[in-house]
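Participant: Prediction below, plus the sequence it came from.
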Amino acid sequence: MEESKEIVIEILEIVKEFFGFTECKNTSKKLYCNLIRRVKLLSPLFEELKDSDKVIDQQQLIALKSLKIVLNSAKKLLQSVNEGSMLYQALQWEDFAKEFREVTEQIEKALSGISFEKLDISEEVQEQIELVHAQFKRAKDRLDSPDIQLYMDLATAQSEKDPDPAILKRLSEKLQLKTINDLKKESLALHEMVLSCGGDPGNILEEMSALLKKLKDSVLMENPDVHTSEKDNFVRHRSPVIPDDFRCPISLELMKDPVIVSTGQTYERSCIQKWLDAGHRTCPKTQQTLVHSALTPNYVLKSLISQWCESNGVELPKKQGGCKNWKTGTSVSDCDRAAIDALLQKLSNGNAEEQRAAAGELRLLAKRNGDNRICIAEAGAIPLLVELLSSSDPRTQEHAVTALLNLSINETNKGSIVNAGAIPDIVDVLKNGSMEARENAAATLFSLSVIDENKVAIGAAGAIPALIDLLSQGSPRGKKDAATAIFNLSIYQGNKVRAVRAGIVVPLMKLLIDAAGGMVDEALAILAILASHQEGRVAIGQAEPVPVLVEVMRTGSPRNRENAAAVLWSLCAADMQHLENAKEYGVEEALKELSENGTDRAKRKAANILELLNQN
């Protein structure tokens, strides 16, 4: 394996470790969370570089080696924060802040040495990485302010023999030393520090031990029945302040279903969806143009919010209201729960007719509302429905795949469906089922592919050729379902190659030319994403797309003009013959108009092509 490929894979493995870091609740929380969030956003860059065959030059390789070294340093810093003493980090906050700032500066310096435009990466990933680089650049110059109240409380608790109980309580809250179990962990951390310094604790460790004893006495005084066992959440705020990171930037409310947009910002799903549905194509917080409208679930933040809710006595968003009765909207009664269990019994033990009817009822229930989806999944329906995907009865198969589609709307259920081994069976339905079953199988694959790792599994299972077949031969709805699935899957670099080699360009060009078919938007969006790959550019170029691209740039919608310009730019930058063809169709006039009145991205692409024209 060549050296550059080895470095890329090693860096990718380090970045993946950042996804496994647990929540940090101590005084370094903001520094800790910001560093993890920014490093995780580097993942798509190295995923694409891993799948690229292009050799990385020596200068880029040096920068990547530097990045690998500093990412390892960042990982060790995060581990020390996560596993170390809460008291020590509070008392030495300035030293920890300095370490975080130094690591941030080193990552930014390493990223500055990488010329992203020279790498074999898609435009979407390049734009994302440039945004991340900008975040590191801003962060290295930003000084974080210490918690003044915390340091006043620490100074008072250290200097006074019997500090005010209210001060000790505040310290317990802020240092996350609220339970006997927390204090035992802190004691062990201090013990490790004593061992690491050769048994000579020094003044600061003596001070920390004395302070820890005061905190322990305070906790025991408030909870006299608590000795060495954990008593969860016995210290809570009466009116907890919601952390800013947990609030949606649009509604300012606690997020229940946080999702990430292409700029890396997180919003409540319903709020950002309304924003997008209103026709906006910018990030509300940064005002940057969204390179795509896909919403990626922020599972890490969702988990942090759930843990915070449990720690502070706030009702968890997912549990609010419980399951609902599908007829009355009231809480599920014992009879309703029994009805779900009865349907599952029919799925597992009934005859063919009973299985068909039960799958059909579950399909309808899962469509009605989110609470039904939770209840049905928790009752154990998903593995049984996956088994029915292989049913010889077409109607049963159709009910099963559609029920899974409806259940997959719930983010937790997506993982359960994949873990039940559903992907190969859904692909088989996509290939061999009835037209309705194939359409719903395509929609299910789209729903599951929202999670990045599922894109890889779905592509590897052979879904893309079957989706292309549906794109060519399906009903209007089937074509839409296939197109959205193909677009989402093609965000992953390896699936672009699969789609091109499966012959997707020809049907896309037919859809592009047939304006009456209503698929021009989808065809152009997929072509734009495929054109970021070398094989995609070659295949598109062979389909003689220039005349229709120029026409769309003249007369299409703003988004279609933008995508047409993006495809043309990718073609012209790779092969000047396409530029010569475009001249013959009067592209210059269309480009000038687009550079003045197009979207921001369209203006950039038009300017790039005009610059090529001026050079020739």
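Facilitator: Done, it's in.
Participant: May I ask you to confirm that residue 59 is in contact with residue 113?
Facilitator: Yes: the pair residue 59 and residue 113 passes the contact test of Cβ atoms under 8 Å, sitting 7.4 Å apart. Bear in mind the C-beta positions are built from the backbone N, C-alpha and C, glycine included.
Participant: what about the strands in the stretch 201-350 of the chain?
Facilitator: With DSSP state E, counting those that start in this stretch as the criterion, the stretch 201-350 of the chain has strands at 258-260, 266-268, 296-297.
Participant: contact partners of the shortest one?
Facilitator: Contacting residues not belonging to strand 296-297 are listed as 257-260, 411, 450-452 [Cβ atoms under 8 Å, 6 or more residues apart in numbering].
Participant: from those, which has minimum pLDDT?
Facilitator: pLDDT across these is lowest for residue 452, at 80.
Participant: I'd guessed it sits against residue 492; true?
Facilitator: Yes: counting by Cβ under 8 Å, residue 492 is a contact partner of residue 452 at 7.2 Å.
Participant: quick one, which of those two is more surrounded?
Facilitator: The residue with more neighbours, out of residue 452 and residue 492, is residue 492; 23 against 13, by other Cβ atoms under 10 Å.
Participant: Nearest spatial neighbour of that one, chain-adjacent residues omitted?
Facilitator: Take residue 492 and drop its neighbours on the chain: the residue closest to it by Cβ to Cβ, 6 or more residues apart in numbering is residue 455, 4.1 Å away.
Participant: and the host helix or strand of that neighbour, what other elements does it pack with?
Facilitator: Assigned by DSSP states H and E, residue 455 belongs to helix 452-460. On a contact count with 3 or more Cβ pairs under 8 Å, 6 or more residues apart in numbering; DSSP states H and E, helix 452-460 meets helix 411-419, helix 422-432, helix 435-448, helix 476-489, helix 493-501.
Participant: what about 6 Å?
Facilitator: Judged by 3 or more Cβ pairs under 6 Å, 6 or more residues apart in numbering; DSSP states H and E, helix 452-460 has no packing partners among the helices and strands.
Participant: how far out from the middle of the chain is the helix or strand just after that helix?
Facilitator: Per DSSP H and E, the first helix or strand lying C-terminal to helix 452-460 is helix 463-473. Centre-to-centre, helix 463-473 and its host chain are 26 Å apart (Cα atoms, centre = their mean, to the nearest Å).
Participant: Mind listing what's buried along helix 463-473?
Facilitator: 463-472 (16 or more other Cβ atoms under 10 Å).
Participant: do the same with stretch 572-589
Facilitator: 572, 578-579, 581-582, 585, 587.
Participant: Residue 164: how many residues sit nearby?
Facilitator: Under the neighbour criterion other Cβ under 10 Å, residue 164 is assigned a count of 12.
Participant: Equivalent analysis for residue 313, please.
Facilitator: Using other Cβ under 10 Å, residue 313 is surrounded by 12 other residues.
Participant: mind checking pLDDT for it?
Facilitator: At residue 313 the predicted local confidence, pLDDT, stands at 73.
Participant: So that it lines up with my notes, have the first residue be 6 from now on.
Facilitator: With 6 as the first residue, the last one maps to residue 318.
Participant: From residue 60, how far out is it?
Facilitator: Distance, residue 318 to residue 60, by Cβ to Cβ, to the nearest Å: 57 Å.
Participant: Does residue 61 touch residue 9 like I think?
Facilitator: Yes: applying Cβ atoms under 6 Å, one finds residue 61 in contact with residue 9, separated by 3.8 Å.
Participant: who are the neighbours in contact with residue 82?
Facilitator: Shown in contact with residue 82 (Cβ atoms under 6 Å, 6 or more residues apart in numbering): 104, 108.
Participant: List the buried residues of the longest helix belonging to the chain.
Facilitator: Counting by DSSP state H, the longest helix found in the chain is helix 63-88. For helix 63-88, burial by neighbour count (16+ other Cβ under 10 Å) applies to 65-66, 68-73, 75-76, 79-80, 82-83, 86.
Participant: Which one among these sits at the bottom for pLDDT?
Facilitator: For the buried residues of helix 63-88, the weakest pLDDT value sits at residue 86, with 81.
Participant: Quick check, it in contact with residue 38.
Facilitator: No: under the criterion of Cβ under 6 Å, residue 86 is not in contact with residue 38, lying 10.5 Å apart.
Participant: Tell me the pLDDT of residue 441.
Facilitator: Reported pLDDT at residue 441 in the predicted model: 90.
Participant: Skipping its backbone neighbours, what lies nearest it in space?
Facilitator: residue 403 is the one closest to residue 441 (Cβ to Cβ, 6+ apart), at 5.5 Å.
Participant: Look up how far residue 361 lies from the one you found.
Facilitator: 9 Å.
Participant: Same question for residue 601.
Facilitator: Separation of residue 601 from residue 361 (Cβ to Cβ): 60 Å.
Participant: Pick out whichever of the two has more residues nearby.
Facilitator: Neighbours were counted for residue 601 and for residue 361 using other Cβ under 10 Å; residue 361 has more, 23 against 9.
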